[in-house]
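Visitor: 3D, please:
(one chain, ligands or ions: 2)
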Amino acid sequence: MIELKKISKIYKRGNMETVALNDFSLTINEGDFVVVEGVSGTGKSTLLNIIGCVDKPSAGEYIFENDAVDYSDIKKIELLRKEKFGYIFQNYALMDKYNLYENIEMPLMARKIPPRERRKIIKESLELVHLSEPVRKYPNELSGGQQQRVAVARVIAMNVPVILADEPTGALDEKNAEDITDLLVELNKKGRTIVLVTHNTDMINRIRGGLGDSSNYKYVYMTKG
Ligand SMILES: Nc1ncnc2c1ncn2[C@@H]1O[C@H](COP(=O)(O)OP(=O)(O)O)[C@@H](O)[C@H]1O
Ligand SMILES: [Mg+2]
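Guide: Numbers count the residues shown, from 1 in each chain. Ligands and ions are numbered 1, 2, ... in the order given. Modelled structure (predicted):
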């Protein structure tokens with residue numbers, strides 16, 4: 001499904017160059033649960049951004065669903081971003097000015113899904129993450145664990161095949177971290193491909209336990225350069 005071939009990413013600022021990824025190759029099959037670990041600055045977020053077509057590699061080839069990603073085709077890139085990838089971040093990344101309902105609704109509106117259907121999708125996704133807070137509440141009225149549940153509900157509602165999670169439990173207490181991890185395992189069992197960046201060994205063990213032996217678990221350890 002995802003094939004990264006000798007991908008490099010070099011950030012240039014003035015005459016300063018930072019090598020975020022160097023000749024990095026990785027194959028991810030549909031339904032894989034990929035755990036990415038590595039110390040700070042080894043290109044983990046860069047990797048997710050390249051997979052999600054948010055960022056463009058400096059060199060190398062990215063093949064998604066058997067097609068080489070063509071970065072000059074902006075329409076296609078936007079379509080890929082919108083329809084194929086959903087993000088979950090450490091800081092939840094909800095829109096403060098919108099209530100919980102609207103936060104989940106936004107990507108559905110972008111896809112021109114009619115209001116009635118949106119309502120149904122949002123209700124179902126909120127049930128899946130076990131969030132019973134009033135949907136008119138704003139992000140700043142929710143705890144971290146509740147906000148991350150909304151972020152997961154948003155990704156569920158988007159119904160994308162690939163979920164990119166960048167340290168999603170990094171700011172949560174243990175109980176909430178476990179709940180979010182369990183939700184990701186459930187989503188993977190339902191067929192979503194997941195790429196998760198985490199440093200939390202307990203959560204990694206929890207994922208392995210939750211997935212069982214027959215799973216498509218993959219582990220990637222990132223190193224500098
Ligand atoms: N937009 C950017 N501009 C310049 N340098 C960047 C940018 N994004 C990341 N980097 C640099 O690239 C390297 C890898 O960053 P990142 O992918 O965020 O690593 P990680 O997520 O593993 O901590 C770091 O040295 C970082 O400072
Ligand atoms: Mg990072």
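
Visitor: so what's the backbone phi/psi at S215?
Guide: Note on S215: its backbone torsions stand at phi -80, psi 170 [degrees, to the nearest 10].

Visitor: pretty sure it is touching N29, no?
Guide: No: S215 is not in contact with N29 according to Cβ atoms under 8 Å; the separation is 11.6 Å. C-beta here means a position set from N, CA and C on the backbone, and glycine is covered the same way.

Visitor: So the two - more neighbours on which side?
Guide: S215 (16 against 12; other Cβ atoms under 10 Å).

Visitor: For the residue sitting nearest the centre point of the chain, give me phi and psi.
Guide: Centroid-nearest residue in the chain: L164, 1.8 Å away (criterion: Cα atoms, centre = their mean). Backbone torsions of L164, given as degrees, to the nearest 10, read phi -110, psi 120.

Visitor: all helices for the chain, in order.
Guide: Ranges of helices in the chain, per DSSP state H, are 44-51, 74-84, 100-110, 115-128, 144-158, 174-189, 201-211.

Visitor: for these, which one sits closest to T223?
Guide: helix 44-51 (10.9 Å; Cβ to Cβ).

Visitor: OK, contacts around the residue of the chain found nearest ligand 2?
Guide: Nearest residue of the chain to ligand 2, counting by Cβ to the ion: S45, 3.2 Å away. For S45, the contact set (Cβ atoms under 8 Å, 6 or more residues apart in numbering) comprises 166, 197.

Visitor: ok, the nearest residue to P134 once chain neighbours are set aside - contacts?
Guide: By the measure of Cβ to Cβ, 6 or more residues apart in numbering, the closest residue to P134 outside its immediate chain neighbours is L100, 7.9 Å from it. L100 sits next to 94, 131, 133-139, 142, 150 when contact means Cβ under 8 Å, 6+ apart.

Visitor: Counting neighbours, which of those comes out on top?
Guide: Of the contacts of L100, with other Cβ under 10 Å as the count, V150 tops at 25 neighbours.

Visitor: returning to what we had before: my guess is the residue nearest to the centre of the chain contacts F89. True?
Guide: No: between L164 and F89 there is no contact under Cβ under 8 Å: 9.3 Å.

Visitor: overlap in contacts of those two?
Guide: Joint contacts of L164 and F89 (Cβ under 8 Å, 6+ apart) do not exist.

Visitor: since we're on the nearest residue to K82 once chain neighbours are set aside, how many residues are nearby?
Guide: Distances taken as Cβ to Cβ, 6+ apart place A110 nearest to K82, at 6.5 Å, with adjacent residues excluded. Counted with other Cβ under 10 Å, the neighbours of A110 add up to 10.

Visitor: Could you do I88 as well?
Guide: For I88, using other Cβ under 10 Å, the count is 23.

Visitor: what bridges to it?
Guide: Per DSSP bridges, the residues bridged to I88 are A165.

Visitor: ok, it - contacts?
Guide: I88 touches 148, 151-152, 155, 163-166, 168, counting by Cβ under 8 Å, 6+ apart.
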